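Q: no letters, just coordinates:
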């Protein structure tokens, strides 16, 4: 069975685990990494994610995925859940 090229090259196949890793490391909640899924809500569910945490998370995501997060990207929709954040990262990685 053939794997899609993006899985073989590791471009988007590692986005979710990478986002979870950056999120947990940045917020200092590595012990909860196994419980974080695409459906995990960010605001309201992770008390560690305050306004400073969002800025630190964005900077860490930019470094990890070699993307730029513009000021206008800091919306409730992007940071609603781990899944919406991962989808945003994926769109940036493809030039979206």
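A: Arrived safely. No experiment lies behind these values; they were computed from the predicted model shown.
Q: apart from its chain neighbours, what residue comes closest to the most centrally placed residue in the chain?
A: Centroid-nearest residue in the chain: residue 19, 3.4 Å away (criterion: CA atoms, centre = their mean). Excluding the flanking residues, the one nearest residue 19 by CB to CB, 6 or more residues apart in numbering is residue 86, at 4.8 Å. To be clear about C-beta, it is placed using only N, CA and C from the backbone, and glycine gets the same treatment.
Q: so how many other residues sit close to the one you found?
A: 20 (other CB atoms under 10 Å).
Q: again with residue 23
A: Residues lying near residue 23 (other CB under 10 Å) number 26.
Q: so it touches residue 82, yeah?
A: Yes. Counting by CB atoms under 8 Å, residue 23 touches residue 82, with 7.0 Å between them.
Q: give the residues shared as contacts by those two.
A: Residues touching both residue 23 and residue 82 (CB atoms under 8 Å, 6 or more residues apart in numbering) are residue 36.
Q: which stretches of this protein form strands?
A: Secondary structure of the chain (DSSP state E): no strands located.
Q: for it, where's the lowest mean pLDDT among helices and strands?
A: helix 5-9 (a mean of 38; mean pLDDT, DSSP states H and E).
Q: would you list every one of the helices in the chain?
A: Secondary structure of the chain (DSSP state H): helices at 5-9, 15-27, 51-65, 82-93.
Q: list the buried residues in stretch 41-52.
A: Across stretch 41-52, burial judged by 16 or more other CB atoms under 10 Å covers 42, 46, 49.
Q: kindly apply the preceding question to stretch 25-34 instead.
A: Across stretch 25-34, burial judged by 16+ other CB under 10 Å covers 26, 27, 29.
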